[in-house]
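*Asks:* Take a look and give me a structure for this.
(chains A and B)
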Amino acid sequence: MTFENSDLKLVIPSDGAMYESTLEFMANVGLSVERESKRRYIATIPNLSGITVLLLRSADITSTLEDGSADLGLLGEDRYQELRQEDLPTAVILGNLNYGNCSLTIGVPNSWSDVDSIADLAEVAIEFREKGLSMRVATKSPRLTEKFLLSHGISYFSLVRLSGTLELAPEMGFADIIADITSTGTTMRENQLKTIQGGIIIESEACLVGNKTQLASDPVKLRISQELVQIITSYFKNQMTDVDVRYNL
Amino acid sequence: MHHAKLNLTADISEILTINAYEIFDCPIIESTELYAMKSGGELTSRLYSFVEPGGMNVSLRPEFTSSVIRSYISDKISEKQIVKKQYVGPVFRYSDSTQGSNQRQFTQQGCELIGDASADADVEILNLSLLALQKSGLETATVKLGHMGYLRSLLEKFDLSEVLIGFTLSNLQLLTQKTNGIEELSKMASDIGLINPGNKVSKPTQAKDTESYRSDNYGRRSKEQINSRSKSKETNSFSINKYTESLESLSELLCTFAGDLNTISDSHNDSTFGKASQYFKLVAEKAMNDINIEVDFIVDCAAQRGFTYYTGIIFDMEYKKGSNSIPLGGGGRYDGLVKLLGGPAEVPATGFAVNIDSILSINSMDQKK
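*Replies:* Just a heads-up that it's a prediction; the model follows:
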């Protein structure tokens, strides 16, 4: 299987739960993705010609869209908002695609019985500051976490950037609290952490992101992407749910 | 332009040297935590940060004070000794297009006076900052005066929690600049959950079903700290109406205690502001010694610079050009910073910094006329 350079390139996640659920979503909307083998990272959509599907790790999708190697991408909105460069021409075209649901949530030690809300946490941050310490927040999403804390009256903290097993950080002592992706909260619970009122940083679902300039400059790609968007929106109409159109192509 | 910058910074440095300020050679990169500890959110969101090859999170300096204080602490200087340091060089602050500034790098020059709590120290710092402007050839300047200590004591009278005080101080401009500022600020505080209406029984979302949790794991907080906060939460309640009332009184006081320093009465109906007014007049009058430029002193406590580490007088210097005002720099007293950054005790300190690029931009604007 090869692809034409003139094809519209759609990137989808090749890893984790997002891989399976994206394939399922595409099949549901009537655009099944066909892969030659599990080791082949290029695929096609037999029902829509002129489009090549590329499979990439979720973390790399945003930069691929930004540098123009791909035109459209399906990924979790939390990943996109965390990694996007604000002055580059990408945008969410369709939001809330009703799969890949998760939330980036603050978790604090269970033993902090005085902390139930984000306001409590703001006071604890001051308590740390008064001791000449800064509250350490372990996260894989430093940008979203920082923005959230600052806009919620928590000014004094430092971020500990980790790439895995965040839940252990408070127990191991290299962070005081965490901001982590959860879908059910089980992992936090099992690691003696609790969620707090107002502590959800972002509730995320999958979204369709596009490179606006690239699509606008190529009439063929623009037509195919409009067709793709049309198919997805019709699917949601048939399901009697509203689709969140954020950018009109 | 480059020559003009060299000349001006050399002139200002000379004034500072005459006044016994030693040159401090400040590193361009420091640990991110140092800046986060000092300024908190106001500045940390604008840091150019990266992880160095050794794994430590570092940032390009957004200002000099943190480094001066860090070095003061590591030198273990007796708190009775007066330390005077001056600095000059580029600083880096990210601003996106919505923040209206494209000066992501600019040259800052200033000094810190550590170990002197007297009014004379405040006078010296204001005087030196005006001398710096005078050296640049400016003929007029506006100095906005505020006082974090008096403002804070006023807020404490309303029984606000420390978090609400910090939040209110960071958003004072909303109160005086917008007609519905009070409602907006109350709503913001309530929406982000800073108001604890009390009587609400705390309901931990998940804690109950975790019998297995180890009671000794409180992280860097102690059991006593947690218990005492729990108790104070039960007794302290604060309704949104009470917050709105506090903001109304505060806004009224801020509006009546504002304007030209010469016309402000010392016998203000709030004694806090009476004292503030007397202090401003004393400092402003003495600071005009040897100053030939025309300076308008304006009291505007709500215009404070947002940095909550200030504890005393704060001033902002501006150049007025028609309806525009160009910020030139500022300074103030920050007695708590040494302890906050890990020093053994609170040490009085004050300082100022000017933005050399802003000052030079006025000179070149005027020449183009």
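
*Asks:* Report how many residues lie close to the residue lying closest to residue A:13 once chain neighbours are set aside.
*Replies:* Once flanking residues are discounted, residue A:13 sits nearest to residue A:58: 4.5 Å by Cβ to Cβ, 6 or more residues apart in numbering or on different chains. Bear in mind the C-beta positions are built from the backbone N, C-alpha and C, glycine included. By other Cβ atoms under 10 Å in any protein chain shown, the residues close to residue A:58 number 24.

*Asks:* hang on, residue A:58 packs against residue A:17?
*Replies:* No - here residue A:58 does not reach residue A:17: they are 10.0 Å apart, not a contact under Cβ atoms under 8 Å.

*Asks:* Need the residues touching each of these two.
*Replies:* The overlap between the contact sets of residue A:58 and residue A:17 (Cβ atoms under 8 Å, 6 or more residues apart in numbering or on different chains) is empty.

*Asks:* quick one: contacts for the residue nearest to residue A:13?
*Replies:* Each residue near residue A:58 by Cβ under 8 Å, 6+ apart is listed here: A:13, A:15, A:16, A:18, A:75, A:76, A:79.

*Asks:* hang on, isn't the last one packed against residue A:62?
*Replies:* Translated: residue A:79. Yes - with contacts counted by Cβ under 8 Å, residue A:79 reaches residue A:62, the gap being 6.7 Å.

*Asks:* Compare neighbour counts for these two and give me the winner.
*Replies:* Higher neighbour count among residue A:79 and residue A:62: residue A:79, with 26 against 22, using other Cβ under 10 Å.

*Asks:* Confirm that one sits in a helix?
*Replies:* Yes - under DSSP: H, G, I helix; E, B strand; the rest coil, residue A:79 falls within a helix.

*Asks:* Would you quantify the distance from it to residue A:209?
*Replies:* For residue A:79, the distance to residue A:209 (Cβ to Cβ, to the nearest Å) stands at 10 Å.

*Asks:* what residues are shared contacts of the two?
*Replies:* Both residue A:79 and residue A:209 are contacted by A:61, A:62, under the criterion Cβ under 8 Å, 6+ apart.

*Asks:* re earlier: mind picking the lowest-pLDDT entry from the contacts of residue A:58?
*Replies:* Taking the contacts of residue A:58 together, the minimum pLDDT is found at residue A:16 (81).

*Asks:* neighbours of that residue, just the number please.
*Replies:* With other Cβ under 10 Å as criterion, residue A:16 counts 12.

*Asks:* Do you know the pLDDT at the residue nearest to it when sequence neighbours are not counted?
*Replies:* The shortest distance from residue A:16 to any non-neighbouring residue, by Cβ to Cβ, 6+ apart, is to residue A:58 (6.9 Å). Note on residue A:58: pLDDT of 90.

*Asks:* Residue A:58 and residue A:43, how far apart?
*Replies:* Going from residue A:58 to residue A:43 by Cβ to Cβ gives 16 Å.

*Asks:* Could you do residue B:342 as well?
*Replies:* Look at residue B:342 and residue A:43: by Cβ to Cβ, they are 56 Å apart.

*Asks:* So for those two, which residue has more residues nearby?
*Replies:* Neighbour comparison, residue B:342 and residue A:43: the larger count goes to residue A:43, with 21 against 14 (by other Cβ under 10 Å).

*Asks:* Just give me how far the strand or helix carrying the more buried one sits from the chain centre.
*Replies:* Per DSSP states H and E: residue A:43 is located in strand A:42-44. From the chain centre to the centre of strand A:42-44 is a distance of 22 Å (Cα atoms, centre = their mean, to the nearest Å).

*Asks:* same for that strand, what does it pack against?
*Replies:* Here strand A:42-44 touches strand A:34-35, strand A:51-56, going by 3 or more Cβ pairs under 8 Å, 6 or more residues apart in numbering or on different chains; DSSP states H and E.

*Asks:* Mean pLDDT lowest where, among these?
*Replies:* Taking the mean pLDDT of the helices and strands packed on strand A:42-44, strand A:34-35 comes last: a mean of 90.

*Asks:* strands paired with it, and their directions?
*Replies:* Sheet pairing for strand A:34-35, assigned by DSSP bridges, gives strand A:42-44 (antiparallel).

*Asks:* did I read that right, residue B:156 in a strand?
*Replies:* No - under the criterion used here (three-state DSSP), residue B:156 is helix, not part of a strand.

*Asks:* What does the pLDDT read for it?
*Replies:* The predicted local distance difference test score for residue B:156 is 82.

*Asks:* Against residue B:188, how distant is it?
*Replies:* Residue B:156 sits 21 Å away from residue B:188, going by Cβ to Cβ.

*Asks:* So for these two, which sits in the more crowded spot?
*Replies:* Comparing residue B:156 with residue B:188 by other Cβ under 10 Å, the one with more neighbours is residue B:188, at 15 against 11.

*Asks:* Correct me if wrong: that one contacts residue B:171.
*Replies:* Yes - with contact defined as Cβ under 8 Å, residue B:188 counts as touching residue B:171 (7.3 Å).

*Asks:* Quick check: which element contains residue B:279?
*Replies:* If you go by DSSP H and E, residue B:279 is part of helix B:271-287.

*Asks:* re the thing from before, which of the helices and strands packed on strand A:42-44 sits closest to residue B:142?
*Replies:* strand A:51-56 (55.3 Å; Cβ to Cβ).

*Asks:* Where do the strands of chain A begin and end?
*Replies:* Using DSSP state E, the strands assigned to chain A run over residues A:8-13, A:34-35, A:42-44, A:51-56, A:72-76, A:90-95, A:102-109, A:135-139, A:157-161, A:177-182, A:193-204, A:206-211, A:244-245.

*Asks:* Could you tell me the average pLDDT over the third one, please?
*Replies:* Confidence over strand A:42-44 (mean pLDDT, whole number) is 92.

*Asks:* on that earlier part again, mind checking which of the helices and strands packed on strand A:42-44 is nearest residue B:16?
*Replies:* The nearest among these, by Cβ to Cβ, is strand A:51-56 at 55.7 Å.

*Asks:* what's the angle from that closest one to strand A:8-13?
*Replies:* Angle, strand A:51-56 to strand A:8-13, by axes from the mean of the first three to the mean of the last three Cα atoms, to 10 degrees: 30 degrees.

*Asks:* now strand A:51-56: how far from the chain's centre is it?
*Replies:* Distance, stretch centre to chain centre, for strand A:51-56: 18 Å (Cα atoms, centre = their mean).

*Asks:* what comes into contact with stretch B:63-80?
*Replies:* Residues contacting stretch B:63-80 (Cβ under 8 Å, 6+ apart): B:24, B:26-27, B:30, B:34-35, B:37-39, B:43, B:61, B:83, B:85, B:87, B:89, B:91, B:108, B:110, B:112, B:114-115, B:334, B:337-338, B:341-343, B:345, B:347, B:349, B:351, B:353.

*Asks:* Show the subsequent helix or strand relative to the helix or strand hosting residue B:67.
*Replies:* Assigned by DSSP H and E, residue B:67 belongs to helix B:65-74. With elements assigned by DSSP H and E, the helix or strand that comes after helix B:65-74 is strand B:83-92.

*Asks:* ok, of the contacts of stretch B:63-80, which come out buried?
*Replies:* Among the contacts of stretch B:63-80, those buried by neighbour count (16 or more other Cβ atoms under 10 Å in any protein chain shown) are B:24, B:26, B:30, B:34-35, B:37-39, B:43, B:61, B:83, B:85, B:87, B:91, B:108, B:110, B:112, B:114-115, B:334, B:337-338, B:341, B:343, B:347, B:349, B:351, B:353.

*Asks:* sorry, back to before: in CSV, list the C-alpha atoms belonging to the helix holding residue B:67.
*Replies:* The C-alpha atoms that make up helix B:65-74 are tabulated as CSV, following Å, rounded to 0.1, in the frame of the first residue of the first chain:
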residue,chain,number,x,y,z
THR,B,65,15.7,40.8,42.6
SER,B,66,15.3,37.0,43.1
SER,B,67,18.9,36.4,42.2
VAL,B,68,20.2,39.2,44.4
ILE,B,69,18.2,37.8,47.4
ARG,B,70,19.3,34.3,46.7
SER,B,71,22.9,35.4,46.7
TYR,B,72,22.3,37.4,49.9
ILE,B,73,21.0,34.4,51.6
SER,B,74,23.8,32.1,50.5
